[in-house]
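**Student:** Build me a model from this:
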Amino acid sequence: MLLIVFQLTVMVCPYLSLVICGSTMVVSAVFFSKKAFFNP
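**Tutor:** Residues are numbered from 1 along each chain as shown. Sure, this is the predicted structure:
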């Protein structure tokens, strides 16, 4: 049981970190573009 959970975690973790990384990049890009748009 523990081995299955561990394997699932190993499989899901890179995907999860990729999603977090991508969303962080999108949020920061939107934030900086809005900042640049409102403060020319």
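**Student:** which ones are touching Ser33?
**Tutor:** Neighbour list for Ser33: empty [criterion: CB atoms under 8 Å, 6 or more residues apart in numbering]. For the C-beta atoms, the positions are set from N, CA and C on the backbone; glycine is no exception.
**Student:** Quickly find the element holding it.
**Tutor:** Remark: Ser33 resides in helix 2-38, with elements defined by DSSP states H and E.
**Student:** Would you mark the buried spots in that helix?
**Tutor:** Across helix 2-38, burial judged by 16 or more other CB atoms under 10 Å covers no residue at all.
**Student:** for the record, mean pLDDT for that helix?
**Tutor:** Helix 2-38 comes out with an average pLDDT of 87.
**Student:** Give me the distance between the most centrally placed residue in the chain and Leu3.
**Tutor:** Nearest to the mean C-alpha position of the chain, by CA atoms, centre = their mean, lies Ile20 at 1.4 Å. Taken as CB to CB, to the nearest Å, the spacing of Ile20 relative to Leu3 amounts to 26 Å.
**Student:** Can I get stretch 6-14 as PDB, trimmed to CA atoms?
**Tutor:** Once non-C-alpha atoms are left out, stretch 6-14 reads as follows in PDB (Å, rounded to 0.1, in the frame of the first residue of the first chain):
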ATOM      1  CA  PHE A   6       5.000   6.500  -3.000                       C
ATOM      2  CA  GLN A   7       5.000   5.600  -6.700                       C
ATOM      3  CA  LEU A   8       1.900   7.800  -7.200                       C
ATOM      4  CA  THR A   9       3.600  10.600  -5.400                       C
ATOM      5  CA  VAL A  10       6.700  10.300  -7.500                       C
ATOM      6  CA  MET A  11       4.600  10.300 -10.700                       C
ATOM      7  CA  VAL A  12       2.400  13.200  -9.700                       C
ATOM      8  CA  CYS A  13       5.000  15.500  -8.000                       C
ATOM      9  CA  PRO A  14       6.900  16.600 -11.100                       C
END
